[in-house]
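Colleague: predicted structure and sequence below. I'll ask about it afterward.
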Amino acid sequence: MGENILSVIYLLLVIALIFPGFYYANKNKKVFLKNLIIWLGIIGIVTILIYFLK
């Protein structure tokens with residue numbers, strides 16, 4: 001269980017590092033929301049795959 005928590009912490013830290021550049025590159029609100037939804041979907045799919053493959 002501790003391993004899963006550590007993985008989530010690492011993921012959140014990576015997102016915190018990437019988010020400012022992502023926000024700067026997507027100043028237009030429509031483009032930002034579209035890209036954000038795409039990335040949330042990708043992260044969700046990867047998380048689900050990792051959960052089911054363990």
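Modeller: Right, received. Where do you want to start?

Colleague: low pLDDT regions in this structure?
Modeller: Across the chain, the ranges flagged by pLDDT under 70 are 1.

Colleague: any idea which element the residue nearest the centre of the chain lies in?
Modeller: Closest to where the C-alpha atoms of the chain average out (CA atoms, centre = their mean) is residue 43, at 4.8 Å. Residue 43 belongs to helix 29-53 when assigned by DSSP states H and E.

Colleague: circling back to that earlier point, leaving out the residues flanking it, which one is nearest to the residue nearest to the centre of the chain?
Modeller: residue 11 (7.5 Å; CB to CB, 6 or more residues apart in numbering). No exception for glycine: its C-beta is placed from N, CA and C like everyone else's.

Colleague: same for the host helix or strand of the one you found, what does it pack against?
Modeller: Here residue 11, judged by DSSP H and E, is contained in helix 2-25. If contacts are counted by 3 or more CB pairs under 8 Å, 6 or more residues apart in numbering; DSSP states H and E, helix 2-25 sits against helix 29-53.

Colleague: would you mark the buried spots in the helix it packs on?
Modeller: When burial is assessed from 16 or more other CB atoms under 10 Å, helix 29-53 yields no buried residues.

Colleague: got the contact list for it?
Modeller: With CB atoms under 8 Å, 6 or more residues apart in numbering as the test, helix 29-53 has contacts from 11, 22-23, 26.

Colleague: and that helix with helix 2-25, angle?
Modeller: Helix 29-53 runs at 160 degrees relative to helix 2-25, counting by axes from the mean of the first three to the mean of the last three CA atoms, to 10 degrees.

Colleague: what about helix 29-53, distance to the chain center?
Modeller: Centroid separation between helix 29-53 and its chain, computed with CA atoms, centre = their mean, to the nearest Å, is 6 Å.
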